[in-house]
Each structure stands twice: as C-alpha cells, then as structure tokens.
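Chemist: Give me the fold of what follows.
(one chain, ligands or ions: 1)
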Amino acid sequence: MVKSTRIALLSVVVAVLSVLGFVAPSQAAPPGRVDPRPSTEELARELQELQWRSRGAIRVDAIGESNQGRPVWSARVGDGPLRILYVTQQHGDEPLGTPAALEFLRDVGVDRSDYQRWLRSQVTVDIVVRANPDGHEQNWRYNYAPDADPEYGEAGKGYDINRYHDPAVAPEDNPATEAGLIQRHYAEFQPQIVVDYHMQGRYVDGSGREITASLLWPTTPGVEADDIELAKQISVVAQRSMTEGGANVSQYPGGDYQGIARNAYGLRGSGSVLIELSDMGAEHEQAQIDSALRSMLAIAHSAADGSLAAVDPAEADAIPPRGTPLPQAAASGAHAD
Ligand SMILES: [Zn+2]
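Modeler: All right, here's what the predicted structure looks like:
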C-alpha cells in the first residue's frame, strides 16, 4: 500500500511539473527502450500491430521470401506523389536501421495530427524492413546460401546482397534472392529517393572526435548529374538532422561498383544515398536508432515541403572525410557499404 501510494504521489508530482513545464515527457527519450534487434517473429508482430493501429495509413506486405522462407517485409505509409524508398539491414549483422524504421512508421503512420496527415498527403514512404532476415538470424553479413560460391559473398555462408543490385542484371537472373526482390520492388514503386541504412566500424574525425555516422551518394560512372545533385541534397538534409541530435557525420569512403545499391539506384535515376551508423556498442544503440530515425523523418519532411530542392548540393562536398579507426576498434575488422 505504502509503495503504491508513493507511486501515485510521484505521478501527481510529475503531472504538476509537466504542466508547469519542468518536464516534457513527449520530448524526452521515448518511454521504454526500443528493441535494437527484434526477432523475426517480433518484427512481423510489430509490423502487423502498426498496420492495425494506423487504421489503413500503413500497409504491410511481403515482397517475397528469403532463401530460408522468411518473409521480406515492405511497410508503406502515405499516399503522396513523392515516393521514397528506405531499405534496412541488407547486411544481417547491421541491425539498427530496422528498429529506426519501426519508430518512423509509428511516428508518421499512427498519429493523426494535422502534421502527420499533411506529411502522408505529400509523400509515400516505402520501407523494406530488414532486407536480409536470414542474415539477421545467422548474425552474419550475407544471405543464406551455403552451397553457393559467390563472386561477392562468402562460400559456405551466402551472397553479399549489397553487391547484386546491378541494373544490368534482371531480377529473375539475380543469384542473390533478396537483392532480386528489392530490384523488383524498386521497379514497381519507382521511387525518386532511395536511402539504404547500414552500419560501419568505429572511426574518428581529423580532430580525434568519434564519427557516429557516415554517408555517401553514387560514385559509379554513368549516374546523371541531376541524380547526383539530388543525392547530395538528401545527404545534407540527413547530415543536418543527425547533427542536431548530437551526431558527428562524415562522408563514407565507398566503392564505385555498380552492384552496390547506392550506385545501382543512382544509375536507375533515383537520388540514392547510403547511411552507415557506427557500431558503437550497446550503450550507444538507442542514440544511434534515434539518429537514423531523425534522418528518415527529415528526408521525408524536406521532400514534402520542398525544402530539399533548395539545399545547396555543394554542402555535401564540405562534409569531412571519415578519419582513422578507433584504436580499440581497428583490430575487429570493418563493415563495408
Ligand atoms: Zn552494410
């Protein structure tokens, strides 16, 4: 009894303080911790719940099945003319884009404020949530194809999905199943903007401060100048929004191969960006999820209100390069793209 009375009193105190403006629960850290690695079952359950709670604003569909028969989910919110595709977790052991996607869907799809309604009327955001469910279950980078001898990937494990988006390869000829699903989904959705969420190792900038995220636009030859410009504008919006949340963002030293999603969807005419969250350990995971969420919200908002088009793409070139690995992280090996 005493305990419950104390809790009740505490609630009253918090409520009074809230009214007085001393505590702002809605702006504080989200109540409860976001699960950084929802299981396959939990992810499906959360997506179904979001769809149900959104009363039609969120549509969840499987775009196909992984090699081991797990659904690869698309969740789509809004019905506006600007189409944005986010992809998370192509690499199974780079998880944090996935919980950020769930929070994005909750923020944009479940609320019925004037703002959310306006945003949903301007943009359609489709998210391939955890593109590589088998890799997630194995806790490895690749898909699950242990009998394959992949050009990109690892024999005994599977394909590196993010090397199999080459526009010259048709989805039906794609040896990396989940990459073929994304190619098909892209062709059906025709997004103007594509942002692919990954994770990298730990690095510092030139002054020794830790880099929390890196990003990059297409670097393969043949991408139209307009599409590179748009990708740079998206990069600037992402960098600004993450920096406002305390992030330290650099350019990512990515490769030119056209099978990488960042390059492939640039070649196909989208503003295509890679975002890499640094793998900073458990104590930073909630902040990293929040950072990814900020970028997702800011990109959608800036596309919706037209401010994206006013961004000077040259600002992207001014984002500093990524520095050296943190000493304790240098030995652990790095993720790539
Ligand atoms: Zn990756």
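Chemist: Tell me the residues of the stretch 101-250 of the chain that contact the ion?
Modeler: residue 198 (Cβ under 5 Å from the ion). Yep, even glycine has a C-beta here, placed from its N, CA and C like the rest.
Chemist: All the helices of the stretch 101-250 of the chain, in order from the start?
Modeler: Using DSSP state H, counting those that start in this stretch, the helices of the stretch 101-250 of the chain run over 114-122, 133-138, 177-189, 225-244.
Chemist: any idea which of the ones you listed is most buried?
Modeler: Counting by mean count of other Cβ atoms under 10 Å, helix 133-138 has the highest mean neighbour count of these, with a mean of 23.
Chemist: Which residues does it contact?
Modeler: Counting by Cβ atoms under 8 Å, 6 or more residues apart in numbering, helix 133-138 makes contact with 37, 40, 43, 66-68, 70-72, 89, 91-93, 95, 130, 141-144, 157-158, 161, 178, all of which sit outside it.
Chemist: in the stretch 1-150 of the chain, what residue is nearest the ion?
Modeler: residue 91 (3.6 Å; Cβ to the ion).
Chemist: got the contact list for residue 253?
Modeler: 214, 216, 321, 322 are the contacts of residue 253 under Cβ under 8 Å, 6+ apart.
Chemist: rewinding a little: could you dump the helices of the stretch 101-250 of the chain to CSV with mean pLDDT?
Modeler: Formatted as CSV, those follow (pLDDT from 0 to 100):
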stretch, mean pLDDT
helix 114-122, 98
helix 133-138, 98
helix 177-189, 98
helix 225-244, 98
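Chemist: Can I get these in JSON lines including distance to residue 166?
Modeler: Output for the helices of the stretch 101-250 of the chain, formatted as JSON lines (distance: least, Cβ to Cβ, whole Å):
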{"stretch": "helix 114-122", "distance to residue 166": "32"}
{"stretch": "helix 133-138", "distance to residue 166": "20"}
{"stretch": "helix 177-189", "distance to residue 166": "9"}
{"stretch": "helix 225-244", "distance to residue 166": "17"}
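Chemist: which one of those helices lies closest to residue 261?
Modeler: helix 177-189 (7.4 Å; Cβ to Cβ).
Chemist: helices or strands next to that closest one in the packing?
Modeler: strand 58-65, strand 71-77, strand 82-88, strand 123-129 (3 or more Cβ pairs under 8 Å, 6 or more residues apart in numbering; DSSP states H and E).
Chemist: now the angle from that helix to strand 82-88?
Modeler: 170 degrees (axes from the mean of the first three to the mean of the last three Cα atoms, to 10 degrees).
Chemist: Please name the residues that touch residue 176.
Modeler: 143, 145, 150, 153, 158, 159, 160, 161, 163, 164.
Chemist: Pull the number of nearby residues for the first one.
Modeler: Read that as residue 143. Here the number of neighbours of residue 143 (other Cβ atoms under 10 Å) works out to 31.
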